[in-house]
Every structure is written in structure tokens, then in C-alpha cells.
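# could you look at this predicted model? Sequence included:
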Amino acid sequence: MTLADILSPKPPKEYEQEVEKASPRAPVIQRAKVIAVWGSAGSGKTTLAVNIGFELSSMDLRVLIIDADSYRPSVAAFLGLTEPGPGITAMLRLARTSRLSLDELHRLTEEIQFGKKSLRVLTGLNAPSRWPELDAESLAVLIQFSKEHFDVVVIDVSAELEQGLVSSGSEVSRNSSTRAIIDKADFALGVFAADPVGLNRFLWDCRNADFEFWPVANRVRASTIGKNPDRQLRDAMHRLARLEIRAVITEDTHAADLSLLKAQPLCLCAKNSKTRESIRLLSLDLLDAS
């Protein structure tokens, strides 16, 4: 495999690997759930969002992953989708003109099949300058429409929350899309990198987080925290922010590297890794929560 192959993998229309046959079935979904994955820049929130989506899909749930990061959309790159098309901007244009339909959603999303399972991915902005198109009203319409056709909608949002930022060419606030999505979500995850820098950055970000969220410690390892990293993180988060960590995602460097190399989620390329197991348990907790 050449470097070019790694940086630009072929679009994975169908994965050959299957999720293990023993994957637990999810409880019956009475109402569609919307999960917003927020967190500090560089925390691995996109990786977490994609893997949660695949875990839930492996449980026979209808899943849609939406990349609504207005700064650094990365879902397409993570999955090796080199020609993702117009994605979210086209869907929002239809939402603004009341022309959303299931046929249009199928046309504008990528279907990814793995074994007998599949999910759909709505890719993000294809140019940074198009962030004003992520307006709150059309996003609300898109989310409501998605809830009518999927069991779970996982939305990757940007890290930035500061209010009042506008540009001369738009009346839309720079970070209004993230806040609008979190407002419509059933759950918001607050992801942070489990190291001294990542924790400090997250505590700064939390100052602008005027909403409830599940703190999620990502890439947890003793080499950056010390002995008993789980306990140390929980103690530090409680002492500094009076927050309870809801999930600890154990670091498995080999599995993470393999996932990036193959442009595949962990349930396909490293199904027995500790990281995958941590994300699977978090996914089950989200389903069980009311």
C-alpha cells in the first residue's frame, strides 16, 4: 500500500468484514434518539461519533450519522469517502424550501454496508466559507425529518460555543449551529482528551457550555495520567468542575491506528480491542437512558 492509498482510500461502499455474530440486540426504540457529540478540539469526538453510530447500527437499529461541524468536518475523511458530494448543505437547502423527502435523503447520503447491516452518513461542509448555511431553522427541520425515518441520529458538532460571533456577509452567528443542534438533541456528549492538556482545554470549553452533557474521557491511558487513570480523572473532574464522568474510553493505540489506516470503525477492524468495548458500553448506556 502506498502513502497515496492511505491518504485517499477508496470509498467503502461495502465492508467485507462482519460485526461479530454475538453482538447484543438493542432494546426496542419507542422514540427516535438524537445524540450530539460535542467536545474539545482534538479530543477525538468525530472518531467517537462514527464508532457510536456503527455500534448502534450493529444492534439492528436504523442509524444516520450527520457531520454538522462548522469548522473542521471530518466524518468523510474518517470513513475514506473521497467524493462525498454536497452533503449537508444540499439537505438544508431542501429543508428551507420544504422539499425534504426520503428519496432525496437517500440520494444525498452515503449508505455504508457491513455484513447484513448498514447505516447512512450525511457528510459535512465541502468548503469552510459555507458555514452560514448551517442555520438553526433548517437544522431543526432536518433533525425532525431524520427522527421520522431513523431510530438514532448521531450528530458530530464543532467544539466552539462562544456566542455573538458574526461576519460581515452573514447574519447567522458563527456558532449558532452547534447550540441549535444540542438544543434539539436528547443527549449531548462532552468529549475530552484524557491528558493534562486535554482536561485543561475541556474545562475552559465548559465555561461556555450552558447545557447538560455527559462528560466522556477519551484515549485514557496511564502513560499520560499515571497509576489508576480512571480514578484520577474522575477525582479531578469532580474537584475542578463538580462533574461526573459518564464514560471512560480506554486507549488502544494499535486499534486506533488500524482504524485510520483502513478507514473503518473499530467494530469491523478491531472488534476485540479495549477501545471498541468501551464505546460499545457507552452506546448501550445511551440507549438505556431516558
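Okay, I see it.
# and the spatially most central residue of the chain, what does it touch?
Of all residues in the chain, the one closest to the mean position by CA atoms, centre = their mean is Ala49, 2.3 Å from it. Counting by CB atoms under 8 Å, 6 or more residues apart in numbering, Ala49 touches Val37, Ile65, Val75, Val154, Ile155, Asp156. Backbone N, C-alpha and C define where each C-beta goes, glycine included.
# can you give me the helices in this protein?
3-7, 45-57, 75-78, 88-96, 102-108, 136-149, 176-184, 196-206, 222-225, 229-241, 253-262, 266-269, 274-288 (DSSP state H).
# ok, of those, where does mean pLDDT dip lowest?
Lowest mean pLDDT within those: helix 3-7, a mean of 42.
# follow-up on the earlier one: in TSV, list the helices of the chain along with distance to Lys117.
Putting the helices of the chain into TSV (distance: least, CB to CB, whole Å) gives the following:
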stretch	distance to Lys117
helix 3-7	26
helix 45-57	5
helix 75-78	18
helix 88-96	23
helix 102-108	17
helix 136-149	17
helix 176-184	25
helix 196-206	32
helix 222-225	35
helix 229-241	31
helix 253-262	17
helix 266-269	10
helix 274-288	14
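# which of these sits closest to Phe114?
helix 266-269 (5.8 Å; CB to CB).
# what's the closest residue to Ala159 other than its chain neighbours sitting at in phi/psi?
Counting by CB to CB, 6 or more residues apart in numbering, Ala159 lies nearest to Ala41, which is 4.4 Å off, once chain neighbours are set aside. Backbone torsions of Ala41, given as degrees, to the nearest 10, read phi -60, psi 130.
# so for Ala41, what's the pLDDT?
93.
# counting neighbours, what do you get for it?
When neighbours are counted by other CB atoms under 10 Å, Ala41 registers 15.
# that one contacts Phe202, doesn't it?
No - counting by CB atoms under 8 Å, Ala41 does not reach Phe202; the two are 10.1 Å apart.
# need the contact list for the nearest residue to Glu137 once chain neighbours are set aside.
Among residues not flanking Glu137 along the chain, Arg96 sits closest, at 7.6 Å (CB to CB, 6+ apart). Residues near Arg96 by CB under 8 Å, 6+ apart: Asp135, Glu137, Ser138, Val141.
# hey, what's Phe192 bridged with?
For Phe192, the beta-bridge partners are Ala217 (DSSP bridges).
# an error on my part: the question was meant for Gln113.
Glu14, Ser118.
# need the per-residue pLDDT for it.
Turning to Gln113, the model gives it a pLDDT of 94.
# what's the spacing between it and Leu119?
9 Å (CB to CB, to the nearest Å).
# pick out whichever of the two has more residues nearby.
Leu119 (25 against 13).
# roughly how far does the more buried one sit from Gly53?
From Leu119 to Gly53 the distance is 6 Å (CB to CB).
# find residues that contact each of these two.
Val63, Leu64, Ile65.
# taking those residues one by one, which sit in strands?
Val63, Leu64, Ile65 (DSSP state E).
# so the last one makes contact with Ser118?
No - taking contacts as CB under 8 Å, Ile65 lies outside contact range of Ser118: 11.9 Å.
# of the two, who's got more company?
Ile65 (30 against 14).
# hang on, the earlier thing: can you give me every residue that contacts the residue nearest to Ala159?
Counting by CB under 8 Å, 6+ apart, the residues that Ala41 touches are Tyr71, Arg72, Ala159, Arg201.
# likewise Glu251?
Neighbours of Glu251 in contact, by CB under 8 Å, 6+ apart: Ala194, Arg219, Val220, Arg221, Lys274, Thr275.
# so how far is Ala255 from the residue nearest to the centre of the chain?
17 Å.
# same deal with Asn272?
For Asn272 relative to Ala255 (CB to CB), the value is 9 Å.
# more neighbours, those two?
Ala255 (19 against 10).
# could you pull up the contacting residues of the more buried one?
Leu266, Cys269, Ala270, Ser273, Lys274, Thr275, Arg276.
# any chance of those in CSV, with distance to Glu251 and neighbour count too?
Below are the contacts of Ala255 laid out as CSV (distance: CB to CB, whole Å; neighbours: other CB atoms under 10 Å):
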residue, distance to Glu251, neighbour count
Leu266, 12, 26
Cys269, 16, 18
Ala270, 12, 20
Ser273, 10, 21
Lys274, 8, 15
Thr275, 7, 25
Arg276, 12, 24
